[in-house]
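In: I would like the atomic coordinates for the input below:
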Amino acid sequence: MRIDTHHHHKKAGKNLAFVFFMNLAFNIIVIAGGLATNSMAILADCIHDMSDTISIAIAWLLEKISQKDSSDSYSYGYQRFSILGAVITSIFVIIMAFVILSEAIPRLFNPEGVDAGGMLVVAIIGLIFKSISVWKLHDGETFNEKAILFHQLGDVFEWVAILILSIILIFWDGAPYLDPFISIGIALWLIFNLGRNLYKSVQVLLQKTPDNFDVDEFKTSILAIEGINAIDDFHIWSLDGIDSVMTLKVAIDETHNPEKIKKEIYNISNKYHVVDITIEFDFHDNS
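Out: Got it, this is the predicted structure:
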């Protein structure tokens, strides 16, 4: 049985398109603000925000590809392109976070003066742009959206920190070391969260049993169906971290109706986002 289900990928594509254009517009503001204020936190975010836009563009493109129907070349469809997008995005952002660390750590020991007033203005604008993007992605289901969401959340935290820092520097110009210190904290936060997202995405690519699938519970439910004697073979893997594919071979009595048993298996599988099920019967004569 095959169920066509691309609704979450279509929604993800629209969300990522919105966030992409928001970031593209904001790039100009960040670059101008970083150069004008000489803030390491904002200059670091120039690199960070350009990586934002590139990674969102990649995620959007692969999310669009994932909506295509199956073909002879990709018989299960293109949904795994969404996971590929999550992997590429996570790796890219983690690399850029290390770039931020390499720039911020030396500045921590040799701080420079910054334009606190200009930082405050850019921080307010940044907080508005990034908060809108987080709101757009907060209920996303795909790993691709989650990768970008973590990225945007990191931006929100960074702009909140820069906002607070700019206020502190307005009244106390003796704490310029706080500027690179904040950049280091945000970079470490990104590495940790995107690292987790990368780990989970790779698990999907390696066809790990989905996290939301209780194998013992499922097998117990199947064996409780009247007429099924045993489960001879069973495999399940996720296409994109949401929808799953299953193959199942069960031993049944010849006296029972296979179609009725198959329908009961479908009903149990529907709870687990299983969109493609292949069922094979091994008939036993108990006479």
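
In: distance check, the nearest residue to K146 once chain neighbours are set aside against E145.
Out: Excluding the flanking residues, the one nearest K146 by CB to CB, 6 or more residues apart in numbering is N197, at 5.8 Å. Where you see a C-beta, it was placed from the backbone N, CA and C, and this is true even at glycine. As judged by CB to CB, to the nearest Å, N197 and E145 stand 10 Å apart.

In: ok, those two, which is more surrounded?
Out: E145 (27 against 24; other CB atoms under 10 Å).

In: any regions of the stretch 101-250 of the chain where pLDDT drops low?
Out: 111-114, 140-144, 173-176, 240 (pLDDT under 70).

In: please repeat the previous calculation with a cut-off of 50.
Out: Within the stretch 101-250 of the chain, not a single segment meets pLDDT under 50.

In: now the strands for it?
Out: 228-238, 244-253 (DSSP state E, counting those that start in this stretch).

In: comparing these, which comes out most buried?
Out: strand 244-253 (a mean of 18; mean count of other CB atoms under 10 Å).

In: isn't V275 up against D243?
Out: Yes - the criterion here is CB atoms under 8 Å, and V275 meets it with D243 at 4.5 Å.

In: helices of the stretch 1-150 of the chain, residue ranges please.
Out: Secondary structure of the stretch 1-150 of the chain (DSSP state H, counting those that start in this stretch): helices located at 7-37, 40-65, 80-109, 116-137, 143-171.

In: the ones you listed into JSON lines, with extra columns for distance to K263?
Out: Listed next are those as JSON lines, based on distance: least, CB to CB, whole Å:
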{"stretch": "helix 7-37", "distance to K263": "24"}
{"stretch": "helix 40-65", "distance to K263": "34"}
{"stretch": "helix 80-109", "distance to K263": "29"}
{"stretch": "helix 116-137", "distance to K263": "38"}
{"stretch": "helix 143-171", "distance to K263": "32"}
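
In: what's the closest of the ones you listed to S221?
Out: Distance to S221, taken as CB to CB, is lowest for helix 7-37 among those, at 25.3 Å.

In: report the rounded mean pLDDT for that closest one.
Out: Mean pLDDT, computed over helix 7-37, is 72.

In: give me the helices and strands touching it, please.
Out: Where contact means 3 or more CB pairs under 8 Å, 6 or more residues apart in numbering; DSSP states H and E, helix 7-37 is packed against helix 40-65, helix 116-137, helix 143-171.

In: in TSV, list these along with distance to A251.
Out: Putting the helices and strands packed on helix 7-37 into TSV (distance: least, CB to CB, whole Å) gives the following:
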stretch	distance to A251
helix 40-65	40
helix 116-137	46
helix 143-171	36
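
In: buried set for stretch 261-272?
Out: Using 16 or more other CB atoms under 10 Å as the burial criterion, the residues of stretch 261-272 that qualify are 261-262, 264-265, 269, 272.

In: identify those among these that sit within helices.
Out: 261-262, 264-265, 269 (DSSP state H).

In: for the residues you listed, give me JSON lines that also has pLDDT and distance to I65.
Out: Formatted as JSON lines, those follow (pLDDT from 0 to 100; distance: CB to CB, whole Å):
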{"residue": "I261", "pLDDT": "87", "distance to I65": "37"}
{"residue": "K262", "pLDDT": "87", "distance to I65": "33"}
{"residue": "E264", "pLDDT": "88", "distance to I65": "36"}
{"residue": "I265", "pLDDT": "87", "distance to I65": "32"}
{"residue": "S269", "pLDDT": "84", "distance to I65": "27"}
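
In: from the residues you listed, which is closest to Y78?
Out: S269 (22.3 Å).

In: element containing the residue nearest to the closest one when sequence neighbours are not counted?
Out: Among residues not flanking S269 along the chain, I277 sits closest, at 5.6 Å (CB to CB, 6+ apart). I277 belongs to strand 274-284 when assigned by DSSP states H and E.

In: which helices and strands sit right next to that strand?
Out: strand 228-238, strand 244-253, helix 258-269.

In: let's have those in CSV, adding distance to A104.
Out: CSV is the format used below for these (distance: least, CB to CB, whole Å):
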stretch, distance to A104
strand 228-238, 37
strand 244-253, 42
helix 258-269, 49
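
In: so which of those comes closest to L16?
Out: strand 228-238 (20.1 Å).
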